[in-house]
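A.B. asks: sequence? don't have it. structure:
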């Protein structure tokens, strides 16, 4: 069983930055693709970013491309999401998730087996 714990959320003004972190325990973190998703009030959970097990090519939703950066440290079992130039529409609960099966690009949340509890990000205008 893999446990994921997010941290780093908070309140920030539009144009500001936040760095989210997700700490993993259990399982073999270095063999999992990792993703970040978000869910705004009244909306479905949506894909934000993904990084393969060994790092390398990363994938982003169009809405966050060039503003957000996903990275991972397999020695520390962590995956991070650096969020710059934040907008009010980025307000959501952000979740990290582990895909223990697939490599490549899988934005569908059903591809992910394990989920964290989420961390709230609020961007004020």
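C.D. replies: That came through fine. Nothing here was measured: the structure is a model prediction, and the numbers come from that model.
A.B. asks: Please name the bridge partners of the residue nearest the centre of the chain.
C.D. replies: Residue closest to the mean C-alpha point of the chain, counted by Cα atoms, centre = their mean, is residue 36 at 2.1 Å. Legend: beta-bridge partners of residue 36 under DSSP bridges are residue 49, residue 96.
A.B. asks: roughly how far apart are it and residue 87?
C.D. replies: To residue 87, residue 36 is 16 Å away according to Cβ to Cβ, to the nearest Å. Heads up, the C-betas are built off the backbone N, CA and C, glycines and all.
A.B. asks: same thing with residue 95?
C.D. replies: Residue 95 sits 19 Å away from residue 87, going by Cβ to Cβ.
A.B. asks: Looking at the two, which is more packed in?
C.D. replies: Neighbours were counted for residue 95 and for residue 87 using other Cβ atoms under 10 Å; residue 95 has more, 23 against 14.
A.B. asks: quick revisit: could you list every residue that touches the residue nearest to the centre of the chain?
C.D. replies: Residue 36 is in contact with 20, 22, 48, 49, 50, 70, 79, 81, 94, 95, 96, 97, counting by Cβ atoms under 8 Å, 6 or more residues apart in numbering.
A.B. asks: of the residues you listed, closest to residue 112?
C.D. replies: Within the contacts of residue 36, proximity to residue 112 (Cβ to Cβ) peaks at residue 97, which comes in at 3.8 Å.
A.B. asks: Can you get me a residue count around that closest one?
C.D. replies: Applying other Cβ under 10 Å, I find that residue 97 has 24 neighbouring residues.
A.B. asks: For the residue nearest to it when sequence neighbours are not counted, grab the count of nearby residues.
C.D. replies: Leaving aside its chain neighbours, residue 97 sits nearest to residue 112 (3.8 Å; criterion: Cβ to Cβ, 6 or more residues apart in numbering). Applying other Cβ under 10 Å, we find 23 residues neighbouring residue 112.
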